[in-house]
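>>> Only the shape, not the letters, is given here:
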């Protein structure tokens with residue numbers, strides 16, 4: 001029985017390490033750097049154009 005408990009703990013530890021490595025790969029960009037005094041920008045994703053808008057209530061809306 002102790003072996004089963006130890007194995008579960010080792011697996012959980014490995015899973016936490018993998019999640020931590022994935023988190024480090026995420027890039028964070030501040031919205032004001034993205035918009036640069038504008039209220040709307042276009043994003044070309046795979047040939048499709050998306051619009052990202054900043055509302056008067058400071059919310060983001062993404063539309064295709």
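Sure, I can see it. Everything numeric here is computed off the predicted structure, so don't read it as measured data.

>>> Count the residues that sit near residue 35.
15 (other C-beta atoms under 10 Å). (Each C-beta comes from the backbone N, C-alpha and C, glycine too.)

>>> measure residue 56 to residue 34 for me?
Distance, residue 56 to residue 34, using C-beta to C-beta, to the nearest Å: 18 Å.

>>> mind listing the strands for the protein?
40-45, 48-54, 60-63 (DSSP state E).

>>> of residue 56 and residue 34, who's got more company?
Set side by side, residue 56 and residue 34 show more neighbours around residue 34, with 13 against 6, by other C-beta under 10 Å.

>>> pLDDT at the closest residue to the more buried one other than its chain neighbours, what is it?
Distances taken as C-beta to C-beta, 6 or more residues apart in numbering place residue 41 nearest to residue 34, at 6.7 Å, with adjacent residues excluded. Looking at residue 41, its pLDDT is 96.

>>> Quick check: residue 41 touching residue 50?
No - if you go by C-beta atoms under 8 Å, residue 41 and residue 50 don't touch, sitting 9.3 Å apart.

>>> Residue 42 contacts residue 62, correct?
No - the pair residue 42 / residue 62 is not scored as a contact, 10.9 Å apart, by C-beta under 8 Å.

>>> tally of neighbours for residue 47?
5.

>>> residue ranges with poor pLDDT in this protein?
Applying pLDDT under 70 to the chain picks out residues 1-10, 12-14, 16-23.

>>> Any buried residues in stretch 48-63, and which?
Residues of stretch 48-63 classed as buried: 52, 54 (neighbour count, 16 or more other C-beta atoms under 10 Å).
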